[in-house]
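Asks: Curious how this folds, go ahead:
(2 chains)
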Amino acid sequence: MWLWFHKLSSPPYAYRTAGRLRPWFLWSAILLLAIGTFGGLVLAPEDYQQKDAFRIIYVHVPSASMSLMVYVAMAIAAAIGLIWRMKLAHAFAAACAPVGAWFTALTLVTGSIYGKPMWGTWWAWDPRLTSELILLFLYLGYLALRASFEDTQRADRASAILAIVGVVNVPIVKYSVVWWNSLHQGPSISKLGAPSIDPSMLWPLLVMMAGFVLYFAAVMCDRIRGEILRRERNASWLSEITVGT
Amino acid sequence: MSAPGLLTLMRLVIGRDLRLALRHWDQVAQPLIFFLIVTTLFPLAIGPALDELRKIAPGIVWVAAMLAALLALESLFRSDVEDGTMEQWTLSGQPLSIMLLAKTFAHWLLSGLPLVIVSPLVGTALGLPSSVWPVLAFSLALGTASLSILGAIGAALVVGVRRGSVLLALLVLPLEMPVLIFGARAVDLAMHGESVVGPLNLLAAMLLLFVSLGPLAMAAAMRISVEG
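Replies: Predicted coordinates:
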């Protein structure tokens, strides 16, 4: 039962598997993103209150959920790498971080664009905005720590500890920020998820979310391959592959 | 020779660190002076009116304390790693996490406690009424202890990195934000005569969490830094 797990930890196998899976992920992502975009921008009815401006949620919400999901995935991979000394898990975590940071940045930017017509301001110290910003700082700290080591193995293990400490802290940050905000009168726009959303608006959102996940998977296949190439640049299996083709 | 018990071990480490610190008084005083200078900057930047300063005084004191704690962290493990003491500790067979916890506690006695002691003075200078002093000092005592532990994890991670001080700030400050939120809020609530039980309990809960899990992360991080 653990065979696939051990197989996956072998760099040549993982390299080939990632290469084989990549087109499947990529094309299904493109398909779903196209359907979702068409559904969200054309088919979904305009909101009675927010008019067309609400349509940015079809980018904003999926990237927000990805930003958190990628962080958790990164921390889990880091823990696996630390516990089972699995180099490939570290490579996965290393590949996650920049993608996650970009999802977070995209969330902040689209949220800001969304906030201007809705709240009349580019930025509000709303709990979700603030905790998203802190999440971006956590990603940047992780990237900075990783970049400061020259030795890949030390960078892997040190940044793994930071990712694990960070993931323990994320709920604390989240709830402390909510609590911090509830004591001040924040902009009392009702939250997006809670009011029931009409199915005609919901389905493109779900399609977009699935598309984002698949896009992330496709990008990760590429990034994992890059990481493996960089880490195994002296390995013999690699020269066999590259010389053979 | 039998192995010392955990409490003996902690006492030895704390005693050693305090003795070492006593011989470098100037270094111990630096974060404290920094704390006083930073709190002086705010009236200069905002204006001398105490009514205005009072409103933001809890935030000023807490941000300044956080930065002072950060400044003190830089030297926490560096000399021990450079002269090989830390390597001996990792090889000693004694639990490294307990020794690092003891070291962090000694560090808090030298960097956190002085801030707690001078905080009423700073609070008064910023217009906080004397009724707030106990809450200010107590919240700082709980909070700076949490900051010391979180900071020690970061310091153990970057101790092998050259010019790690900015990096340390980048790693540690986002993790410390909850402490700042609850600490400053406790003081703010006390100033408005409201109950401070909630935020103080949360600060204490966070401290317990960090005391119990933090040393494990510190030890793991230190092993990576020393072995490399």
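Asks: Could you use CA atoms for every contact and neighbour count after this?
Replies: Noted.
Asks: contacting residues around A:A75?
Replies: When contacts are counted by CA atoms under 8 Å, 6 or more residues apart in numbering or on different chains, A:A75 is found next to A:A93, A:A160, A:A163, A:I164, A:V167.
Asks: give me that answer again for 6 Å
Replies: A:A163, A:I164 (CA atoms under 6 Å, 6 or more residues apart in numbering or on different chains).
Asks: Which helix or strand contains it?
Replies: helix A:57-83 (DSSP states H and E).
Asks: Could you pull out the buried residues of that helix?
Replies: Using 16 or more other CA atoms under 10 Å in any protein chain shown as the burial criterion, the residues of helix A:57-83 that qualify are A:57-68, A:70-82.
Asks: do stretch B:61-73 as well
Replies: B:61-73.
Asks: And stretch A:111-125, by the same measure?
Replies: A:G111, A:S112, A:I113, A:Y114, A:G115, A:W123, A:A124.
Asks: roughly how far apart are the third one and chain B?
Replies: Okay, so that is A:I113. Look at A:I113 and chain B: by CA to the nearest CA, to the nearest Å, they are 25 Å apart.
Asks: Distance of the nearest residue in space to that residue that is not next to it in sequence relative to chain B?
Replies: Nearest non-adjacent residue to A:I113, counting by CA to CA, 6 or more residues apart in numbering or on different chains: A:W122, 6.6 Å away. Plainly put, A:W122 is 22 Å away from chain B if you go by CA to the nearest CA.
Asks: Next: A:G39.
Replies: Distance from A:G39 to chain B, by CA to the nearest CA: 38 Å.
Asks: helix, strand or coil for that residue?
Replies: helix (DSSP: H, G, I helix; E, B strand; the rest coil).
Asks: Could you count how many residues lie near it?
Replies: With neighbours defined by other CA atoms under 10 Å in any protein chain shown, the count for A:G39 comes to 21.
Asks: now do A:P98
Replies: A:P98 has 17 nearby residues by other CA under 10 Å.
Asks: for whatever helix or strand it lives in, packing partners?
Replies: Per DSSP H and E, A:P98 falls inside helix A:87-119. On a contact count with 3 or more CA pairs under 6 Å, 6 or more residues apart in numbering or on different chains; DSSP states H and E, helix A:87-119 meets helix A:57-83.
Asks: Now do the helix it packs on and helix A:87-119, the angle between them.
Replies: If you take axes from the mean of the first three to the mean of the last three CA atoms, to 10 degrees, helix A:57-83 sits at 150 degrees to helix A:87-119.
Asks: ok now stretch A:68-76, how far from the chain's centre?
Replies: 7 Å (CA atoms, centre = their mean, to the nearest Å).
Asks: Just list the residues touching the residue in chain A positioned nearest to chain B, thanks.
Replies: Using CA to the nearest CA, A:G141 is the residue of chain A that sits closest to chain B, at 4.8 Å. Taking CA under 6 Å, 6+ apart, we find A:G141 in contact with B:L170, B:L171.
Asks: again, only using 10 Å
Replies: A:G141 is in contact with A:135, A:147, A:159, A:162-163, B:167-174, counting by CA atoms under 10 Å, 6 or more residues apart in numbering or on different chains.
Asks: residues in contact with the closest residue to B:G164 other than its chain neighbours?
Replies: Distance criterion CA to CA, 6+ apart; nearest residue to B:G164, sequence neighbours excluded, is B:V158 at 5.8 Å. If you count contacts by CA under 10 Å, 6+ apart, B:V158 has them with A:145, A:148-149, A:158, B:74, B:77-78, B:152, B:164-165, B:167-168, B:171, B:221-222, B:225.
Asks: A:A34 now?
Replies: A:S28, A:G40, A:V207, A:M208, A:G211 are the contacts of A:A34 under CA under 10 Å, 6+ apart.
Asks: quick check, nearest of these to A:I228?
Replies: Distance to A:I228, by CA to CA, is smallest for A:S28 among those, at 24.5 Å.
Asks: Neighbours of the closest one, how many?
Replies: 16.
Asks: do the one 10 residues further on as well
Replies: For A:F38, the number of neighbouring residues by other CA under 10 Å comes to 13.
Asks: Before we move on, what's the pLDDT of it?
Replies: A:F38 carries a pLDDT value of 88.
Asks: try A:I161
Replies: For A:I161, the model assigns a pLDDT of 92.
Asks: likewise A:T104?
Replies: 94.
Asks: Tell me, how many residues neighbour it?
Replies: If we define neighbours as other CA under 10 Å, then A:T104 has 28 of them.
Asks: repeat for A:L41
Replies: 17.
Asks: What sits closest to it if chain neighbours are left out?
Replies: Closest to A:L41 by CA to CA, 6+ apart is A:R55, at 6.5 Å.
Asks: Need the per-residue pLDDT for that neighbour.
Replies: 83.
Asks: Contacts only, for it.
Replies: A:T37, A:G40, A:L41, A:V42, A:A44, A:P45, A:E46, A:D47, A:Y114, A:M201, A:L205.
Asks: now it: how far from B:L216?
Replies: Computed with CA to CA, to the nearest Å, the distance linking A:R55 and B:L216 is 46 Å.
Asks: What of A:W203?
Replies: For A:W203 relative to B:L216 (CA to CA), the value is 45 Å.
Asks: who's more crowded, these two?
Replies: Set A:W203 next to B:L216 and count neighbours by other CA under 10 Å: B:L216 wins out with 19 against 16.
Asks: So which bits of stretch B:16-24 are buried?
Replies: B:D17, B:L18, B:A21.
Asks: Tell me the secondary structure at the last one.
Replies: So that's B:A21. helix.
Asks: What sits closest to it if chain neighbours are left out?
Replies: The nearest residue in space to B:A21 (CA to CA, 6+ apart) is B:V28, at 6.7 Å.
Asks: Just to be sure, the residue nearest to A:L41 is in a helix?
Replies: Yes. Under three-state DSSP, A:R55 sits within a helix.
Asks: Now do the strands in the chain.
Replies: Here I'm looking at chain A. In chain A, no strands are found when defined by DSSP state E.
Asks: For it, which segments count as helices?
Replies: Taking DSSP state H, the helices of chain A run over residues A:3-8, A:11-38, A:57-83, A:87-119, A:127-147, A:152-183, A:199-231, A:236-244.
Asks: Show me the shaky parts of chain A.
Replies: A:1-2, A:47-50, A:181-197, A:243-245 (pLDDT under 70).
Asks: Turn the buried residues of stretch B:16-24 into CSV, columns for distance to B:L91.
Replies: Shown next, in CSV, are the buried residues of stretch B:16-24 (distance: CA to CA, whole Å):
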residue, distance to B:L91
B:D17, 19
B:L18, 23
B:A21, 24
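Asks: Thank you kindly, that will do.
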